[in-house]
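Enquirer: Based on what follows, work out the 3D shape:
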Amino acid sequence: MSMRSRVARLFTVKTRFEAFLVIYAIAVGAAERGLHYMNMLPGWPGMVFAVLCTGVVFIAGAKILDAVRAEQALEAATAKRLAARSMPARPRRRAFNHTRPRSRPLRYAAGSRSSPRRD
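Expert: Got it, this is the predicted structure:
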């Protein structure tokens with residue numbers, strides 16, 4: 001494993017707890033930026049920009065949580081597929097074909113269609 005991939009793993013969000021920590025950090029930064037806008041633009045324009053900054057946190061948080069959930073589902077599916085490979089394969093059933101004779105339920109108690117005996 002190269003040093004670059006080791007450093008890249010540090011910046012990968014793997015669990016929901018880590019995702020919530022990242023969302024919290026984004027929210028703190030957005031609140032600070034909103035206060036900056038309110039000081040820079042007095043009145044309603046500053047408030048609108050402050051609300052927009054905090055609204056972006058909800059969108060980014062939802063995307064981060066969805067990405068973590070999708071990544072965990074992908075890992076689970078990959079593990080399930082690998083586990084299925086190690087199991088022996090079931091024999092495949094032959095497809096239904098009109099040209100191939102099928103077994104039919106017996107109508108007679110004697111056990112054979114050609115038997116003259118009727119019970």
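Enquirer: What residues does the residue nearest the centre of the chain make contact with?
Expert: Residue closest to the average C-alpha location in the chain (CA atoms, centre = their mean): residue 70, at 3.4 Å. Shown in contact with residue 70 (CB atoms under 8 Å, 6 or more residues apart in numbering): no residues. Any C-beta I mention is one placed from the backbone N, CA and C, and that applies to glycine too.
Enquirer: so how far is the longest helix seen in the chain off the chain centroid?
Expert: Looking across the chain with DSSP state H, the single longest helix is helix 44-86. Computed by CA atoms, centre = their mean, to the nearest Å, the chain-centroid distance of helix 44-86 equals 11 Å.
Enquirer: what number of residues lie near residue 31?
Expert: Using other CB atoms under 10 Å, residue 31 is surrounded by 14 other residues.
Enquirer: tell me what the helix or strand hosting residue 28 is packed against?
Expert: Here residue 28, judged by DSSP states H and E, is contained in helix 16-40. With contacts defined as 3 or more CB pairs under 8 Å, 6 or more residues apart in numbering; DSSP states H and E, helix 16-40 has these neighbours: helix 44-86.
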